[in-house]
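K.L.:
What follows is a protein structure lacking sequence information:
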């Protein structure tokens with residue numbers, strides 16, 4: 001690692017940062033809103049994005065700086081076990097093909113902005129809607145924090161901010177500046193800002209990976225030498241080589257499956273989805289998004305390349321930025337660092353917007369100020385998006401980076417517990433609203449307690465996301481175990497509640513709503529009371 005500042009890389013990084021900052025502010029004039037004082041416009045980009053904009057937006061949303069840094073870092077530290085991210089992104093696209101078009105249709109029909117809007121409308125339960133909203137906000141906060149961790153990793157490798165003995169304000173000033181710019185253009189332009197910036201972000205990432213996957217192996221003697229070096233490292237460390245041992249296979253499979261089920265439960269994934277202009281745009285995107293999985297598989301190999309290149313870092317999150325600095329000329333290292341940095345700004349913006357929309361629509365509007373006007377909703381959402389970013393920034397600056405990563409893993413466990421209410425509700429009304437709430441509570445409590453009991457070399461609690469599966473004895477993903485318990489409790493309670501004829505909520509949707517498209521004759525957006533009066 002350089003003792004001083006890498007001026008060449010920093011110059012290129014600043015150039016791209018300034019470019020996307022200008023794009024972020026100019027995005028307010030891109031597809032200019034008819035009524036800026038509407039969550040449909042600020043929080044969903046006017047629901048106007050076509051296939052390519054949605055593809056870049058979803059790609060920028062799902063494949064983040066955390067992905068760029070943490071996936072190869074996991075392979076650098078643990079070997080092929082870190083590849084779980086590749087099969088889970090392959091599993092997720094056939095899954096979302098079955099339910100995302102239905103969610104888009106019913107949301108378009110009724111003017112739903114969040115998943116909690118749908119849950120409230122489908123089951124007639126503000127309590128269940130609140131549970132989904134709170135879970136979404138809690139799961140999103142550490143995810144935003146990890147984007148800032150990605151930026152900080154790049155700044156550390158470039159030597160920006162000084163050493164460990166530097167005054168804390170000077171050391172964190174570059175991150176504070178990046179945060180301030182992100183907050184400003186998100187507040188100004190809403191979802192249009194990350195949608196426009198995503199074009200630059202994804203282009204840079206594809207260029208960097210294409211160059212890295214060819215250039216670095218040539219410098220290291222080819223893939224034979226890379227895999228041999230990695231195998232030697234993991235054999236010496238007692239991990240049994242590149243392939244996970246038998247005990248690790250359950251962990252690998254359950255983590256991949258659980259992550260696939262959870263990915264599109266995150267509010268930011270749904271926000272990007274609902275911003276598209278038609279049901280067909282969603283269907284097309286689920287068929288072309290797997291191109292990102294190809295990119296992810298190549299990206300993951302950088303972890304093995306870092307081992308072969310002799311990269312030594314105490315913090316595994318620095319492994320890939322350090323690899324780029326060691327192997328590339330300064331100017332191209334700057335391009336790579338810019339790809340990671342912008343790869344943090346895009347999802348962080350979408351995540352903060354999604355969390356703010358949940359608070360505004362399903363907490364503020366439902367429980368605090370039911371008569372809020374569309375303009376008041378938009379103002380509150382803008383302010384909350386700032387507060388969410390501030391919370392994430394405090395989290396990053398005040399806690400160890402490993403803690404941020406492990407809390408993001410905990411967030412994955414939590415968000416998976418909303419699957420029965422959201423996806424189940426898209427296909428059936430059989431589940432009772434109280435049963436869904438009971439199943440959610442059981443899954444949340446079990447998942448949190450189980451994760452609390454997991455220790456790591458650096459943490460006594462919340463040290464990982466895998467634990468022994470009750471009744472099986474194998475180590476598996478806690479989130480999937482909690483999900484199974486959630487479903488079992490939901491099914492049993494539904495039978496009981498239906499048997500005693502417990503009062504059911506009012507379903508404001510009808511079957512045809514789930515297949516409606518924007519261009520269908522007679523299809524008009526029906527604004528629920530929560531959004532009455534807004535322009536659409």
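P.N.:
Here it is on my side, so go on. It should be emphasised that the depicted structure is a prediction, and the values quoted were computed from it without experimental measurement. Numbering: from 1, shown residues only.
K.L.:
Quick check: closest non-adjacent residue to residue 259.
P.N.:
Residue nearest to residue 259 in three dimensions, not counting chain neighbours: residue 88, with 4.2 Å by C-beta to C-beta, 6 or more residues apart in numbering. C-beta: built from backbone N, CA, C; applies to glycine.
K.L.:
what helix or strand does that neighbour sit in?
P.N.:
With elements taken from DSSP states H and E, the one containing residue 88 is helix 85-110.
K.L.:
all helices of the stretch 201-350 of the chain, in order?
P.N.:
For the stretch 201-350 of the chain, helices defined by DSSP state H, counting those that start in this stretch occupy the ranges 223-236, 246-263, 267-274, 279-288, 291-300, 302-308, 319-327, 330-359.
K.L.:
What's the separation between the residue nearest the centre of the chain and residue 511?
P.N.:
Central residue check for the chain by C-alpha atoms, centre = their mean: the C-alpha nearest the mean position is that of residue 62, 5.4 Å away. As judged by C-beta to C-beta, to the nearest Å, residue 62 and residue 511 stand 30 Å apart.
K.L.:
what does residue 277 give?
P.N.:
For residue 277, the distance to residue 511 - C-beta to C-beta - is 23 Å.
K.L.:
ok, the two, which is more surrounded?
P.N.:
With other C-beta atoms under 10 Å as the criterion, residue 277 and residue 511 differ in neighbour count, and residue 277 comes out ahead with 21 against 7.
K.L.:
What is the burial count for the nearest residue to that one once chain neighbours are set aside?
P.N.:
The shortest distance from residue 277 to any residue that is not its chain neighbour, by C-beta to C-beta, 6+ apart, is 5.1 Å, and that residue is residue 48. Taking other C-beta under 10 Å as the neighbour definition, residue 48 ends up with a count of 18.
K.L.:
Give me the phi and psi angles of residue 48.
P.N.:
Dihedral angles phi and psi of residue 48 (degrees, to the nearest 10) take the values phi -120, psi 0.
K.L.:
Model confidence score at it, please.
P.N.:
On the pLDDT scale, residue 48 is placed at 84.
K.L.:
My understanding was that it contacts residue 274; is that so?
P.N.:
No: using C-beta atoms under 8 Å, residue 48 is not in contact with residue 274, being 11.2 Å away.
K.L.:
OK, contacts around the nearest residue to residue 91 once chain neighbours are set aside?
P.N.:
Counting by C-beta to C-beta, 6+ apart, residue 91 lies nearest to residue 260, which is 3.9 Å off, once chain neighbours are set aside. When contacts are counted by C-beta atoms under 8 Å, 6 or more residues apart in numbering, residue 260 touches 88, 89, 91, 92, 95.
K.L.:
try it again with 10 Å
P.N.:
Under the criterion of C-beta atoms under 10 Å, 6 or more residues apart in numbering, the contact list for residue 260 reads 84, 87, 88, 89, 90, 91, 92, 93, 94, 95, 96.
K.L.:
and the last one, what does it touch?
P.N.:
So that's residue 96. Residue 96 makes contact with 58, 103, 260, 263, 264, 269, 273, 282, 285, 286, 289, 423, according to C-beta under 10 Å, 6+ apart.
K.L.:
now the strands: where do they sit in the chain?
P.N.:
For the chain, the strands identified by DSSP state E occupy 466-468, 475-477, in order along the chain.
K.L.:
which of those sits most buried?
P.N.:
Taking mean count of other C-beta atoms under 10 Å as the contact definition, the stretch among these with the greatest mean neighbour count is strand 475-477, which reaches a mean of 24.
K.L.:
Counting by contacts, list what it packs against.
P.N.:
With contacts defined as 3 or more C-beta pairs under 10 Å, 6 or more residues apart in numbering; DSSP states H and E, the secondary structure elements packing on strand 475-477 are helix 246-263, helix 401-416, strand 466-468.
K.L.:
do you know which of the strands of the chain lies nearest residue 437?
P.N.:
With C-beta to C-beta as the criterion, residue 437 lies closest to strand 475-477 of the strands of the chain, at 23.5 Å.
K.L.:
Neighbouring strands - and their directions - for the closest one?
P.N.:
Looking at strand 475-477 with DSSP bridges, its paired strands and their directions are strand 466-468 (antiparallel).
K.L.:
Contacts for the strand it pairs with, please.
P.N.:
Identification of contacts with strand 466-468 by C-beta under 10 Å, 6+ apart yields 248, 250-252, 254-255, 409, 447, 449-451, 453-454, 474-481.
K.L.:
what do you get if the cut-off is 6 Å, keeping everything else the same?
P.N.:
The contact list for strand 466-468, computed with C-beta atoms under 6 Å, 6 or more residues apart in numbering, reads 251, 450, 454, 475, 477, 478.
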